[in-house]
Structure formats: structure tokens, C-alpha cells
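Sequence and computational prediction follow.
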Amino acid sequence: MFQSVRPEIVSRRIASLGTLVSSVEILTQVKRFKRDELLASQIAAGHPNFARRFPRLVHALDSRAAAVATYGIQAAASAATLIWPRSRAVQMWGGAVLVAAGGFDRIRSPYGADGADQLQQVINVTLSATATFTDARERREVAMRALALETTISYVASGVVKAVSPVWLKGEAFAGIIGTQAYGDKRLFALVTKYPLVGRIISWGTIVAEVGFPLVFILPKPAARAYLGLMAAFHLGIGQFMGLNRFVLAFGATHPALLYVIDQRSLSAADRKSLTMN
């Protein structure tokens, strides 16, 4: 399957598209970078001792110009890694810039970060680090298996957290979330209000799908692919009804890695070596 399109290139392009869209979207709200606004920097407030020792530096880092520069650099690095995914140098240094920009963004303002941002950081670290490998086969193997492992951990951890929550276990969580102003949808909320069983099935189904995600590595290939398709539909639904579009691209960037690992499992050692060398 990946002889014509290398999975690490697909993952890189999807992830880069995600950070590009995110950074451009934030740059359109530049007025909110002013002090006391929603996207204002919190370095001085969050690190008072550091601010007292280096007031000029913190003042500069807290400025609107620093924020614009950070997201501008992030957008440029995203575009570069999107356009030239086959270049080791671009992937290595472009990915490193994305990691640095993402890290500074979390220091600048800890508010608003979510699982998509964290996964994007993992993807950028993984693809940038493995780009240092000179052997193409090793580069692909390590990158794809690392991303597959991280994605599995993310799904299972999320499912376990839900499984120990009384609200999720009662099947009331989805209705509660979809009824909020921030992440809600009026039409879907009306549906689960009229038919509470729908909300319970979605709540319980989410737990089962996330906790049971490691099954993709032992299920027959058609079933494993169907499972991944279900999770892709899950993220598309989150994007559509909850407005969390970044999750679609962040988790979508890891699915080529999962498909790669699933495909590799059924190959002989000789076939696997031949495939990874392409």
C-alpha cells in the first residue's frame, strides 16, 4: 500500500497542514494579543521570579510582536514541511522549529491547549528526530512505530479516564458536553434530549472504542482497517459538531502510521525489508 506513497510523507503533510491552519487562524485574531485580551501572553504572570530577574526579556517576550513572530514562524515552517516533505533537511530543521514554536506558545499562554496541540508536538518531535537517520528504512520504521504507539497510548489513556468517571459511566457525559455553548450543537443536543439512549450509546461507545483501540494490532486486516475508519469518523464528528477541527488533522496525521504497522504485521521479513526500502 505504501510503496507508491510513503506513510511518513502523508503523516508529515497532514500534520503540517494542521499547524499551518492553526497558526494562520490565530494570526487573524492579532488584536487579541494585546494585554488583558484573550490571547495575551502570560509569561510575566506565570513566571514572576523569572520576570523579576529578566524584566526586559520578559517584556519583549510578552509583546504582541513576539506573538505575531512566533505564529508567523510556525506558519512558515508548516508550509515548508508541507511543500517539501521528502527533504531530510527541511523535515529535520522545519520540524525542530515547529517544536520550538509550539513549546514557546505553551510558555507564552498555557490557556487553550488541548490534546490536539500535544499530539502535534509529539508528531513534530518524532518526525524531526527521525529525519536525522540516514537510513531510510530505519527512519520510516522508527517514526511510524513511534507514532502508532503514541496514538494508541493517547486513545487508551483517554478511554481509561472516561471509564472511571461516574458521568461517563452513567452515559450522561455526551449530552452534557454537546449542550454547552463552547462545544455544543443545538440540533444534536435536541436529539439526545429527546432520545437519551442515543447519548448513552455514544458515551459508552466512546469508552469502548478508545480502551479497546489496541485491538487494531491483532484483528484481521479488514477489521483493523474498519476500526481505524470508525475512529476517523469519530474525529470528523468531533470536528463537525463540537468545532474541534484540529483533532481531525492531529489524529489523522497518525493514522498512516497505524495503517503502516497493520500492513507490516502480515509481511515476511524479506517483504518487510523490501517495502520499507522503497
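Nice, thanks for sending it over.

could you say which helix or strand contains the residue positioned nearest the centre of the chain?
Centroid-nearest residue in the chain: A250, 2.9 Å away (criterion: Cα atoms, centre = their mean). Applying DSSP states H and E as the criterion places A250 in helix 245-252.

List of residues touching that helix?
14-15, 17-18, 21-22, 114-117, 119-120, 123, 151, 154, 231-232, 235-236, 238-239 (Cβ atoms under 8 Å, 6 or more residues apart in numbering). The C-beta positions use only the backbone N, C-alpha and C, and glycine is treated the same way.

now the longest helix belonging to the chain and helix 245-252, what's the angle there?
Scanning the chain for the helix with the most residues, using DSSP state H, yields helix 136-163. With axes from the mean of the first three to the mean of the last three Cα atoms, to 10 degrees defining the directions, helix 136-163 sits at 130 degrees from helix 245-252.

Quick check: next helix or strand after helix 136-163?
Tracing the chain past helix 136-163, the next element assigned as helix or strand by DSSP H and E is helix 166-169.

Tell me the buried residues in that following helix?
Using 16 or more other Cβ atoms under 10 Å as the test for burial, helix 166-169 gives W168.

what does it contact?
K162, A163, A173, G176, S203, T206, I207.

farthest pair in these?
Using Cβ to Cβ, the contacts of helix 166-169 reach their maximum pairwise distance at A163 and G176, which is 16.6 Å.

Just checking the distance from stretch 88-102 to the centre of its chain.
Centroid separation for stretch 88-102 versus its chain: 16 Å, with Cα atoms, centre = their mean, to the nearest Å.

And stretch 6-18, by the same measure?
How far stretch 6-18 lies from its chain's middle: 12 Å, per Cα atoms, centre = their mean.

Equivalent analysis for stretch 251-268, please.
Relative to its chain's centre, stretch 251-268 lies at 17 Å (Cα atoms, centre = their mean).

now that stretch: mean pLDDT?
In this model, stretch 251-268 has a mean pLDDT of 86.

what about the strands in this structure?
Ranges of strands within the chain: none, based on DSSP state E.

In it, where is pLDDT below threshold?
Where the chain drops to pLDDT under 70, the residues are 1-4, 38, 111-113, 266-278.

Okay, buried residues for stretch 47-54 please.
Here stretch 47-54 shows A51 as buried, counting by 16+ other Cβ under 10 Å.

Give me the residues contacting it.
With Cβ under 8 Å, 6+ apart as the criterion, stretch 47-54 contacts I43, A44, V58, I107.

And those, which of them are buried?
If we count by 16+ other Cβ under 10 Å, these have these buried: I43, A44, V58.

want to try a markdown table for the residues you listed, with distance to R265 as columns?
As requested, the buried ones among the contacts of stretch 47-54 are exported to a markdown table (distance: Cβ to Cβ, whole Å):
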| residue | distance to R265 |
| --- | --- |
| I43 | 46 |
| A44 | 51 |
| V58 | 51 |
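
Now, these that are in helices?
Judged by DSSP H, the buried ones among the contacts of stretch 47-54 include I43, A44, V58 as members of helices.

show me the contacts for the first one.
Meaning I43. F50, A51, V58, L61, D62, I107, R108.

Skipping its backbone neighbours, what lies nearest the fourth one in space?
The shortest distance from L61 to any residue other than its chain neighbours is 5.3 Å, reached at I43 (Cβ to Cβ, 6 or more residues apart in numbering).

List the contacts of L215.
Under the criterion of Cβ under 8 Å, 6+ apart, the contact list for L215 reads A224, Y227.

That one and A80: what is the separation?
Distance, L215 to A80, by Cβ to Cβ, to the nearest Å: 37 Å.

what do you get for D114?
25 Å.

Between the two, point out the one with more neighbours.
Neighbour totals were compared for D114 and A80, and A80 leads with 20 against 11 (other Cβ atoms under 10 Å).

what about the nearest residue to that one once chain neighbours are set aside, how many neighbours?
Take A80 and drop its neighbours on the chain: the residue closest to it by Cβ to Cβ, 6+ apart is G94, 4.8 Å away. Look at G94: counted by other Cβ under 10 Å, it has 27 neighbours.

i'd like the first residue to be 35 from this point on
Yes, from this point I'll number from 35; that puts the last item at G128.

which residues touch G128?
Shown in contact with G128 (Cβ under 8 Å, 6+ apart): A111, A114, T115, S162.

do the same with R234
K204, G205, E206, F208.
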